[in-house]
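Visitor: Got a sequence here, can you build the structure:
(chains A and B, ligands or ions: 1)
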Amino acid sequence: MGKRVGIVGAAVTPFKGRWVEKTYYELAQWATADALKDAGISPNEVDGAFYAIYNDIFERTCIPEHPLQGILGLQNKFGIRITNGGATGAYTMSAAHAYVAAGRFDVVLVLGVEKATDCFDFQSMSATPEVIKSIGWSGDSFFEQKLGWTAADSYAEVILAYKDEHPDDLKPEISAAISSQLSMQVRTNPYAQRQFDQVTPEEVLNSRVVAYPFKELEICVYSEGAAALVMAEEETAKAISRNTGQPVVWITGLGEANEHSFAGKNQKVMHRILSDHLAAQRAYKMAGIKSPIDEIDIVELHDAFVPQLEVTMAEMGFVPLGRADSLIEDGIMTPGGKLSVNPCGGLIYCGHAVGASNIMSAWSARSELIKQGKRRALVHGTGSTVAQYTAALILSQE
Amino acid sequence: MTTINKVKKVIPDEAIPEVGTKIVNRDGQDYLLVNDAMFTFYQRSMGEFTPFFLGMRDERKILGCRCTKCGIVRVPPLATRCPDCNFAPTELVEVGDVGKMLSTPPITYFASSLFQEQVPSGRGRIVLEGADTALSVNFYTTKGILVPGIVNRGTEMKVVFKDQRVGDITDIFCVPASELTSEQVARKGLLVSEIDWESAAEPDLPQQGPNDRGRFASALAGLRALAGEMNQCERAREDIADWKRNVHVKTAGGQMTMTIDNGDLTFEPGLVGDPDFVAVCADPMVLQEGLAYKGSLTQAMMERRLWISRNPEFTTIFKLERMARSLARSKKV
Ligand SMILES: [Zn+2]
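Guide: Below is the predicted model:
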């Protein structure tokens, strides 16, 4: 099983649609400095770094992490970059946990950073079409890229197939209600890209279709920013905690799964996100969770699209498949309900700085556990084509 | 094999920016932006997929791979060994060019910069006759603009081959079999040129009714008021920065010209100047509600209440919708 691993420090930079004032070097250093400060330690006490950077094209360089090692004060130490599509951040936390649990290191830095919107389309004189194009290079390069495969397709196909199976679920007014609720929750997150962008369910329903079936106000927004965690093995974590006065938030469960990227017999089941299901089940098993809805208080979930948030919640066992609308209809995630889902506003309102996103979610989950005095949180990351990759973590406070 | 008449560039010329820089100001400080690109050219190996692509290009047929042990037929022929049978060898087999959609496919309205010309575009997965797995394909309707509901799970589709084929996956696409004659569906290797495509002619406007002129005047006044507010809204101005368009708008009650000029939006009665594109909407309120953020222009296009003469100008429609949202947002804060 290995050593216990805890989170003892965390920080995020503000997430913004564009940071013309800062390069990714500066964003990375900023989040790192703040996370180490939160843990009350200096770079000398860090044994190595785990970099979550999704896309070389965004950063406009290959091996984008190499300039960071030195400026983060980690010269001549261990450093490794993880890239796993949208689930990059969650997978990077998983990797960091494994090294610490194995006893290789006592204290590590987990750093996610992304600068997505330097990509620019000079034909439409706007960033988004070029950002989408750069993500489009992730589609299968022999058979799919040239068909205009997009990141939205990853989830649009799954959601439409789910609707084929469950035509009465995922009602537009429910996803509109969820989006509106997330926009209210983001108000308390000063680092969010859309902290003051509150929308009504009607506005969500009236917003334009960007990629059928998704509307603009139920889609995550591309962000630039960084997020960092300090993870430590048990004894070191306790010592740091005594010093800072902040409780350790332990990582008590992890699970990951990657599906087939082509569909049909023996391959991807298009109406499922089995990766979410399997990763969550594995994380629950490791954490000893039998009934997630009764044993988990806070969910920080990778909400690329609101209908995907709903299906992911069903796949992770909080509501039955085909009854995802009960998240709202039965008050499960409405204010005062059993679960607090994406108190930070999620990727839709806080923003999606891809490699940093899931780490931002963990930052929020940790601070909400401490602030609310709750016991358990689930952090989730999804990514790759056809919603193929998932990594999930259980965070616990004693 | 057919030959290619027009020389196409790997990177379209119009997508390539000039060498240059820009200064933007944030909180009194200047920051530098540099026009740039990361580009690499390839002479890419198609390796074991060569028969698949040459089969489409030269013989108008589609190949899959069949496991010699379990018999599963995978299209595209992804693997020379079956991962489900401890890597038993597979063999190439021809499959049909008619099939059914695996699930209801998405339709892209806001495309990446490489595909602006093609929107709205459909991409889904077809399980061809004789195959067990699904092949990603683009699909179109022969009946004008693509909207949700035409192609669903289980819809029977026919593969159509382009007349000029280059040996890549875009040599084929699909159309609903129900839009073709039974003879066309049965014909092997059906070509694009063998299908009747409904031309995208400018739609006729209904006869002018008694209220149409009043409705036009009211919509024009409303649009001018909105444009006045947008021109005062920094975020809305940013949405059409560096963008210039002249748009002729035709409605049942009258015609107007919409001008976008690097941050400024104006409306005037009548058709003035040389248009970049034409927009037709019987009811001018469609446009006014779209800009007032009370309805979606994209939705109106999907429901055929709004028509534009050039597909790539979806970009302009999106910019207008973004302005509508920017103005609505600015009013709340
Ligand atoms: Zn087999």
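Visitor: correct me, but residue A:87 touches residue A:392?
Guide: No - assessed by CB atoms under 8 Å, residue A:87 is found out of contact with residue A:392, at 9.4 Å. C-beta here means a position set from N, CA and C on the backbone, and glycine is covered the same way.
Visitor: got any residues that touch both of the two?
Guide: By CB atoms under 8 Å, 6 or more residues apart in numbering or on different chains, residue A:87 and residue A:392 have these common neighbours: residue A:381.
Visitor: Can you tell me how far residue A:9 is from residue A:115?
Guide: Between residue A:9 and residue A:115 the distance, using CB to CB, to the nearest Å, works out to 23 Å.
Visitor: cool, and residue A:276?
Guide: The gap separating residue A:276 from residue A:115 is 28 Å, by CB to CB.
Visitor: So which bits of chain B are right by the ion?
Guide: B:67, B:69, B:70, B:82, B:84, B:85 (CB under 5 Å from the ion).
Visitor: Could you look up the SS state of residue A:156?
Guide: Put simply, residue A:156 is helix when judged by DSSP: H, G, I helix; E, B strand; the rest coil.
Visitor: Might one say that it is in contact with residue A:213?
Guide: Yes - counting by CB under 8 Å, residue A:213 is a contact partner of residue A:156 at 6.3 Å.
Visitor: Give me the common contacts of these two.
Guide: Common neighbours of residue A:156 and residue A:213 (criterion: CB under 8 Å, 6+ apart): residue B:106.
Visitor: These two: which has the busier surroundings?
Guide: Just comparing residue A:156 and residue A:213: by other CB atoms under 10 Å in any protein chain shown the higher neighbour count belongs to residue A:156, 25 against 22.
Visitor: Report the separation between residue B:302 and the ion.
Guide: Residue B:302 is 43 Å from the ion, where distance means CB to the ion, to the nearest Å.
Visitor: Equivalent analysis for residue A:215, please.
Guide: Residue A:215 is 42 Å from the ion, where distance means CB to the ion.
Visitor: again with residue A:265
Guide: Distance from residue A:265 to the ion, by CB to the ion: 11 Å.
Visitor: Next up, the contacts around that residue.
Guide: Applying CB under 8 Å, 6+ apart, we find residue A:265 in contact with B:72, B:132, B:133.
Visitor: pretty sure the second one contacts residue B:78?
Guide: No - Residue B:132 sits out of contact with residue B:78 when judged by CB under 8 Å, with a separation of 11.7 Å.
Visitor: that older thread, show the buried residues in the residues of chain B next to the ion.
Guide: Buried subset of the residues of chain B next to the ion (neighbour count, 16 or more other CB atoms under 10 Å in any protein chain shown): B:67, B:82.
Visitor: send the alpha carbons of stretch A:39-56 over as CSV?
Guide: The C-alpha trace of stretch A:39-56 is given here as CSV (Å, rounded to 0.1, in the frame of the first residue of the first chain):
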residue,chain,number,x,y,z
ALA,A,39,3.2,25.1,3.4
GLY,A,40,5.8,27.2,5.2
ILE,A,41,8.7,25.6,3.3
SER,A,42,11.4,26.8,0.9
PRO,A,43,12.5,25.2,-2.4
ASN,A,44,15.4,23.6,-0.6
GLU,A,45,13.0,21.3,1.2
VAL,A,46,11.3,20.1,-2.0
ASP,A,47,12.7,16.8,-3.4
GLY,A,48,11.3,17.0,-6.9
ALA,A,49,8.6,18.4,-9.2
PHE,A,50,5.7,16.9,-11.2
TYR,A,51,4.7,19.2,-14.0
ALA,A,52,1.2,19.0,-15.4
ILE,A,53,1.3,20.7,-18.8
TYR,A,54,-1.2,19.5,-21.4
ASN,A,55,-0.2,20.7,-24.8
ASP,A,56,3.2,21.7,-26.3
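Visitor: where does residue 244 land on pLDDT?
Guide: Using chain A. In this model, residue A:244 is scored at 98, pLDDT.
Visitor: Switch to chain B, please.
Guide: In this model, residue B:244 is scored at 95, pLDDT.
Visitor: residues in contact with it?
Guide: Shown in contact with residue B:244 (CB under 8 Å, 6+ apart): B:260, B:261, B:262.
Visitor: Kindly indicate which of these lies nearest chain A.
Guide: Proximity of the contacts of residue B:244 to chain A (CB to the nearest CB) peaks at residue B:262, which lies at 9.6 Å.
Visitor: who's more crowded, residue A:9 and residue A:115?
Guide: Applying other CB under 10 Å to residue A:9 and residue A:115 shows that residue A:115 carries more neighbours, namely 27 against 24.
Visitor: Phi and psi next, for that one.
Guide: Backbone torsions of residue A:115, given as degrees, to the nearest 10, read phi -130, psi 90.
Visitor: hey, what's it bridged with?
Guide: Residue A:115 has the following beta-bridge partners by DSSP bridges: residue A:224.
Visitor: Name the nearest residue to the closest residue to the ion within the stretch 251-398 of chain A, ignoring sequence neighbours.
Guide: Closest residue of the stretch 251-398 of chain A to the ion, CB to the ion: residue A:266 (8.4 Å). Leaving aside its chain neighbours, residue A:266 sits nearest to residue B:84 (5.6 Å; criterion: CB to CB, 6 or more residues apart in numbering or on different chains).
Visitor: Then residue A:308?
Guide: Closest to residue A:308 by CB to CB, 6+ apart is residue A:155, at 4.6 Å.
Visitor: Just list the residues touching the one you found, thanks.
Guide: Applying CB under 8 Å, 6+ apart to residue A:155 gives the contacts A:214, A:304, A:305, A:307, A:308, A:387.
Visitor: Do you know the pLDDT at it?
Guide: 95.
Visitor: Could you do residue B:5 as well?
Guide: Value for residue B:5, per-residue pLDDT: 52.
Visitor: What strand or helix carries the nearest residue to residue B:193 once chain neighbours are set aside?
Guide: Of all residues not flanking residue B:193 in the chain, residue B:163 sits nearest, at 5.1 Å (CB to CB, 6+ apart). Assigned by DSSP states H and E, residue B:163 belongs to no helix or strand.
Visitor: tell me the contacts of the residue in the stretch 51-200 of chain A that the ion sits nearest to?
Guide: Nearest residue of the stretch 51-200 of chain A to the ion: residue A:143, at 20.2 Å (CB to the ion). For residue A:143, the contact set (CB under 8 Å, 6+ apart) comprises B:76, B:135, B:136, B:169.
Visitor: mind redoing it with 6 Å?
Guide: Taking CB atoms under 6 Å, 6 or more residues apart in numbering or on different chains, we find residue A:143 in contact with B:76, B:136, B:169.
Visitor: In this structure residue A:258 contacts residue A:389, no?
Guide: Yes - with contact defined as CB atoms under 6 Å, residue A:258 reaches residue A:389; the gap is 5.0 Å.
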